[in-house]
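Engineer: Quick one: sequence and predicted model below, then my questions.
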Amino acid sequence: MIQITLPDGSKRDYPGPVTVAEVASSIGAGLAKAALAGKVNGLVVDTSHLIEKDSPLSIITAKDADGLDVIRHSTAHLLAYAVKSLFPEAQVTIGPVIEHGFFYDFSYKRPFTPDDLAAIEKKMVELAGKDELVTRRVLPRDDAVAHFKGLGEHYKAEIIASIPANEDVSLYREGDFEDLCRGPHVPSTGKLKFFKLMKLAGAYWRGDHRNEMLQRIYGTAWATKDDLQQHLRMLEEAEKRDHRKLGRELDLFHIDDHAPGLVFWHPKGWTLWQGVEQYLRQVYRDNGYQEVKGPQIIDKGLWEKTGHWDKYRENMFVTESEKREYALKPMNCPGHILIYKQGIKSYRDLPLRYGEFGNCHRNEPSGGLHGIMRVRGFTQDDGHIFCTEDQILDECIAFTALLKKVYKDFGFTKIIYKVATRPEKRIGSDEYWDRTEEILKESLRRSGCEFQVSEGEGAFYAPKLEYALKDALGREWQCGTIQIDPNLPERLEAEYVGEDGARHRPVMLHRAIVGSLERFIGILIEESAGALPAWLAPVQVAVLNITDAQAEYCGEIVEKLKKSLPNQDLRVIADLRNEKITYKIREHSMQKLPYILVIGDKEKAAGTLAVRARGGQDLGVMSIDSFIELIGRDIAQKTVSESA
C-alpha cells in the first residue's frame, strides 16, 4: 500500500507503486489533462515518475512557477528537435531555461539567418501539433558517450564524458529526436503551445573564448496566449526605451570599435553625466563623506596582497614599466585603505567615510558588453566607511535612509531589499556570520523595509545588503549595496588606536548608491524613455521664433533665463532657423525637451512667452517671471510636468 499526501493535507491510498499521472487521473480528468509534472518530496519529476513509497505530492500545472519552468525547458528541446529536423548536420550542445524563456546553442557549418529562424519556429509549431509522447530512459555514462558519438554529436559526448564514470545519465526522446537531459519534461509535445523564437547570437563553447563560436537561438515560452502577448508587448516597449537607440537619437553617447566597451560621451550626454555626478557629490558632502581620489595604475604587489591577482587576474588590464608590473584598478577599495593608513587613526575618528568617483577598468568578454550597461571602463560612486563593529548597525540604517532619498529624487520608488547570507566557502566563525547577518536584517527592520534573503550569495568574508530598483516595465536593476568587510583591512594591516590605547582593526563597509554611473545613466534613460526630468535634461528649454522679427527678443529671453535661478544656470538654447514653427516644435519635441517657448509678434509686443511642456501640453501664455517660477519649482522638486 502506498499513501500519497496532497498539498491540502488529504491522503490517498494506492495498492502499489503509482505514477504522478495516475494520481492526477484518480483525482479528476481535468487535473490529469492539465498535469505537466509533479513535485515529490520537494523534487520536480515527470508525470511518468513512479512513486514507490509513502510521499507528499503536488501536481504541477501551467499555473505553477515550476510548471512554467518545465514548459520552457521542454520548449528548448522542441527547438533542438526542429533544428535537427531541418538541419541534420547541426550539432546540439546545451539548452537551459533563462528568465522569461530559454536558449539553445548549436554548431553548424554556416550562420543561421532570420529566414532560418522563421522556418525553425514554423517547424516547432508543426512538431508540437503532432503531440508526440516524451519518454525517458537511463544509460550508464560510457554507453551514453558511445551513443552520442555514434550519432556524430561530439559536444553531447564531451558533456557526458565530464560526468563521473559511476553515474547513469537520462535521455529524453520525442519523435525522432533524443537528447541528454536531467528533466523533467512535459508528458507530450502538445503541451507546448505558446512560444516564439526571439533572436540569434554567438556564444563560445563552454563560455571560453578559446573555443569554437557556437550559434545561440533565444526563445520565450508561456503558459497562455495572453501571457505570451503581454510579454511581447513589454519587449516592444523595452525596445523603444533601449538606451543604445535613445543614446543615438538624443545625441548622448556612442560606442566605437576603436575602444570596445568604453563610452564616448557627447556634449549632451556629458551634461547628463555631470548632473548625476554633481548631485551625488552634494550627497557626499551632506552626509559626512570626504571625497578622495586614488591612482588609476597600481603595482602588482598590492593586488597580490588583496588576493585580486590570484582570483581576478584574467579580468584585469595589466601593463609594465621599468620591469615592474602594474594593473589598471578594477575597484577602488585597496586605494582607500592606503589613504586611510596615512597617519594614525583614533577611535574618535571613526566612523570615517571616504567617497570617490573612481574610474575602474575590467577586461570583460566582448560577448558580454552591452551599450553603457556593461562596459570595460566605468566610474563608481564608491564609498568606504571605516568603523567599529558596534557602529555597523547605525551606519547601515543611515545608508538605507540616504539611498531611499537618492532613488526617489531620480524617480525610483520601488526598491527591493535583499540580504545575501553566508556562502558555502567562507572565512570566519559561524558566530561571526550569525552576528553580522542579524545586524543587516535588523538595520532593514528598523528602516521599515521588507526584505528577501538570498541564501548563500554573500561574499566569502561577510554578508551584504543589495538594493534593486524596479522600473516602469517591472524589470529589476541591482544598483546599491553595502558590504561588511573585516578581511581587506586585515590583509592590508589597517589599524586604529582604541579607547584602551591598543591597536585594533577597523571594519570596512563597502557601499555604493548607483554603482556604475554608466549603467545607472543607462537605466535612467530606459526608465524615462529618454524624457529625462527637467533637473537632469541636457537641454531644459528651447526658445523658438516664428519669424526673424522676434530673433533679438528670443536672444534676450535666453540670456535672462540662463541666469534666472540661484546657484544654477538654466540650460537654454535658441532655435532661430528660417523653418516653419511647426517643424521646429516637432523636432524639439522628438528630442524630448521639458519645455519649448514659442515667440511670435504678440508675445514680443506683450513681453510674454507661449509655453509648451513635454507631451504636447499647451500651458498657454505667461510672463517670463511666471515661467521662471514654474521651471524653478520643477527643478527644485525634481519632477517633470508630463512624460513623453
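Structural biologist: That came through fine. Numbering: from 1, shown residues only.
Engineer: Which residues does stretch 133-145 contact?
Structural biologist: Here stretch 133-145 makes contact (C-beta atoms under 8 Å, 6 or more residues apart in numbering) with 46, 48, 74, 147, 157, 160-161, 163-174, 180, 183, 185-189. In short, each C-beta sits where N, CA and C put it, glycine included.
Engineer: ok, of these, which come out buried?
Structural biologist: 46, 48, 74, 147, 157, 160, 169, 171-174, 180, 183, 185-189 (16 or more other C-beta atoms under 10 Å).
Engineer: can you give me the strands for the stretch 401-550 of the chain?
Structural biologist: Using DSSP state E, counting those that start in this stretch, the strands of the stretch 401-550 of the chain run over residues 415-420, 451-454, 464-470, 476-485, 496-497, 503-504, 507-516, 541-545.
Engineer: what lines up beside the second one in the sheet?
Structural biologist: Yep, that's strand 451-454 we're talking about. strand 415-420 (parallel) (DSSP bridges).
Engineer: how distant is the partner strand from the center of its chain?
Structural biologist: 14 Å (C-alpha atoms, centre = their mean, to the nearest Å).
Engineer: Now do the top helix by length along the chain, average pLDDT.
Structural biologist: The longest helix of the chain (DSSP state H) is helix 65-86. Per-residue pLDDT over helix 65-86 has a mean of 95.
Engineer: What is the distance between it and the centre of its chain?
Structural biologist: 25 Å.
Engineer: Tell me which residues of it come out buried.
Structural biologist: 66-85.
Engineer: One more: stretch 419-432?
Structural biologist: V419, A420, T421, R422, R426, Y432.
Engineer: In which helix or strand does K122 reside?
Structural biologist: Secondary structure from DSSP states H and E places K122 in helix 114-129.
Engineer: can I have that helix written out in PDB, keeping just the CAs?
Structural biologist: Listed next in PDB are the C-alpha coordinates belonging to helix 114-129 (Å, rounded to 0.1, in the frame of the first residue of the first chain):
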ATOM      1  CA  PRO A 114      16.400  35.400 -39.800                       C
ATOM      2  CA  ASP A 115      14.700  33.300 -42.500                       C
ATOM      3  CA  ASP A 116      16.100  30.100 -40.800                       C
ATOM      4  CA  LEU A 117      14.700  31.300 -37.500                       C
ATOM      5  CA  ALA A 118      11.200  31.700 -39.000                       C
ATOM      6  CA  ALA A 119      11.500  28.200 -40.600                       C
ATOM      7  CA  ILE A 120      12.600  26.700 -37.300                       C
ATOM      8  CA  GLU A 121       9.700  28.300 -35.400                       C
ATOM      9  CA  LYS A 122       7.300  27.000 -38.000                       C
ATOM     10  CA  LYS A 123       8.700  23.500 -37.600                       C
ATOM     11  CA  MET A 124       8.400  23.700 -33.900                       C
ATOM     12  CA  VAL A 125       4.700  24.500 -34.300                       C
ATOM     13  CA  GLU A 126       4.300  21.500 -36.600                       C
ATOM     14  CA  LEU A 127       6.100  19.200 -34.100                       C
ATOM     15  CA  ALA A 128       4.100  20.400 -31.200                       C
ATOM     16  CA  GLY A 129       1.000  19.800 -33.200                       C
END
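Engineer: Neighbouring strands - and their directions - for the helix or strand just after that helix?
Structural biologist: Using DSSP H and E, the helix or strand that follows helix 114-129 in sequence is strand 134-140. If you go by DSSP bridges, strand 134-140 pairs up with strand 168-174 (antiparallel).
Engineer: Which is the succeeding secondary structure element to the strand it pairs with?
Structural biologist: Criterion used, DSSP H and E; the element after strand 168-174 is strand 177-180.
Engineer: Could you list the domains of the chain?
Structural biologist: Following automatic domain parsing, one finds the domains of the chain at 2-61, 66-232, 267-294+329-358+384-528, 541-636.
Engineer: got those as JSON lines, with distance to G371 columns?
Structural biologist: Shown next, in JSON lines, are these (distance: least, C-beta to C-beta, whole Å):
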{"stretch": "domain 2-61", "distance to G371": "36"}
{"stretch": "domain 66-232", "distance to G371": "15"}
{"stretch": "domain 267-294+329-358+384-528", "distance to G371": "6"}
{"stretch": "domain 541-636", "distance to G371": "18"}
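Engineer: Need phi/psi at V572.
Structural biologist: phi -120, psi 140 (degrees, to the nearest 10).
Engineer: Distance check, it against L250.
Structural biologist: 17 Å (C-beta to C-beta, to the nearest Å).
Engineer: between the two, who's got more neighbours?
Structural biologist: L250 (23 against 20; other C-beta atoms under 10 Å).
Engineer: The more buried one contacts A529, correct?
Structural biologist: No: taking C-beta atoms under 8 Å as the definition, L250 is not a contact partner of A529, at 10.6 Å.
Engineer: Mind listing the shared neighbours of those two?
Structural biologist: Joint contacts of L250 and A529 (C-beta under 8 Å, 6+ apart) are K592.
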